[in-house]
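Colleague: Provide a 3D model corresponding to the input given below.
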Amino acid sequence: MTSIKTVLFDLGNVLIDWNPRYVFHDMFGSQEDLDFFLTHVCSSDWNEEQDAGRPIAEATEKQVALYPEWEAAILAFYGQWTKMLGGPIIRTVDILEELKAQGQVQLLALTNWSAELFPIARKRYSFLQHFEGIIVSGEEGMRKPNPNIYQIAETRYGVQPASTVFIDDSLRNINAAKALGFHVIHFQNPTQLRSALAELGI
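Modeller: Prediction:
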């Protein structure tokens, strides 16, 4: 019998394909410009501030003021945000649905996602209904790897880290969960995930 009682999933690039390059691959004159934009203008760190609760309009206005020469691309980042969603990662969704059908573990999600944008995902991806609860960083005003957001799973849903496996594609987030006593799987692909779950007896 497995000692795992809860499986705690990340969403982006575990269950849902997300990549800003889907919007910008034809917008720039060179790969160097695109890389600069996504590294220095609308970077991951900047986007994560919205994941932590900063309003999109405020963030966009600030970036346009800092980089007026990039205004069109900055406006497109959230203006065309839905194009960044490449669809479900089908074989991971298959695993989620198998776990749901088995009914042996509690299914939860913990995602870094803007509160303004997450309703789009809820409407688009019916498999999100399989989760007993979804902790959305933008709704909580904090994001992974802040230890406090993992502890919401404990206080709100009765999760015990020692009997929970946390799945995320970000090593930074994985390390934070591991430090709190969670079992962890650093997601690489659905095949690797299935094997890692099997090793835990799931």
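Colleague: and Pro147, what's its pLDDT?
Modeller: With respect to pLDDT, Pro147 scores 97.
Colleague: can you count the residues close to it?
Modeller: A count of neighbours around Pro147, defined by other Cβ atoms under 10 Å, yields 12. All C-beta spots, glycine's among them, are computed from the backbone N, C-alpha and C.
Colleague: so how far is Leu38 from it?
Modeller: In this view, Pro147 and Leu38 are 28 Å apart by Cβ to Cβ, to the nearest Å.
Colleague: where along this structure do the helices fall?
Modeller: 21-24, 31-36, 44-51, 56-66, 71-79, 90-102, 118-124, 137-140, 147-157, 171-179, 190-199 (DSSP state H).
Colleague: turn these into a markdown table, columns for distance to Leu15.
Modeller: Listed next are the helices of the chain as a markdown table, based on distance: least, Cβ to Cβ, whole Å:
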| stretch | distance to Leu15 |
| --- | --- |
| helix 21-24 | 17 |
| helix 31-36 | 26 |
| helix 44-51 | 16 |
| helix 56-66 | 23 |
| helix 71-79 | 22 |
| helix 90-102 | 5 |
| helix 118-124 | 10 |
| helix 137-140 | 16 |
| helix 147-157 | 17 |
| helix 171-179 | 15 |
| helix 190-199 | 10 |
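Colleague: out of those, the one nearest Thr6 is which?
Modeller: Thr6 lies closest, by Cβ to Cβ, to one member of the helices of the chain: helix 147-157, at 7.7 Å.
Colleague: local confidence estimate at the closest residue to Phe24 other than its chain neighbours?
Modeller: Among residues not flanking Phe24 along the chain, Leu34 sits closest, at 5.6 Å (Cβ to Cβ, 6 or more residues apart in numbering). According to the prediction, Leu34 has pLDDT 95.
Colleague: correct me, but Leu34 touches Asp26?
Modeller: No. With contacts counted by Cβ atoms under 8 Å, Leu34 stays clear of Asp26, the gap being 9.7 Å.
Colleague: neighbour count winner among those two?
Modeller: Using other Cβ under 10 Å as the criterion, Leu34 and Asp26 rank with Leu34 on top: 18 against 7.
Colleague: contacting residues for that one?
Modeller: For Leu34, the contact set (Cβ atoms under 8 Å, 6 or more residues apart in numbering) comprises Arg21, Phe24, His25, Met27, Phe28.
Colleague: most surrounded residue in the residues you listed?
Modeller: In terms of neighbour count, Phe24 stands highest of the contacts of Leu34 at 20 neighbours, by other Cβ under 10 Å.
Colleague: apart from its chain neighbours, what residue comes closest to Val14?
Modeller: The shortest distance from Val14 to any residue other than its chain neighbours is 5.0 Å, reached at Phe187 (Cβ to Cβ, 6+ apart).
Colleague: what about the one you found, neighbour count?
Modeller: 21.
Colleague: could you dump the contacts of Leu34 into TSV and include pLDDT?
Modeller: Shown next, in TSV, are the contacts of Leu34 (pLDDT from 0 to 100):
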residue	pLDDT
Arg21	94
Phe24	93
His25	84
Met27	89
Phe28	89
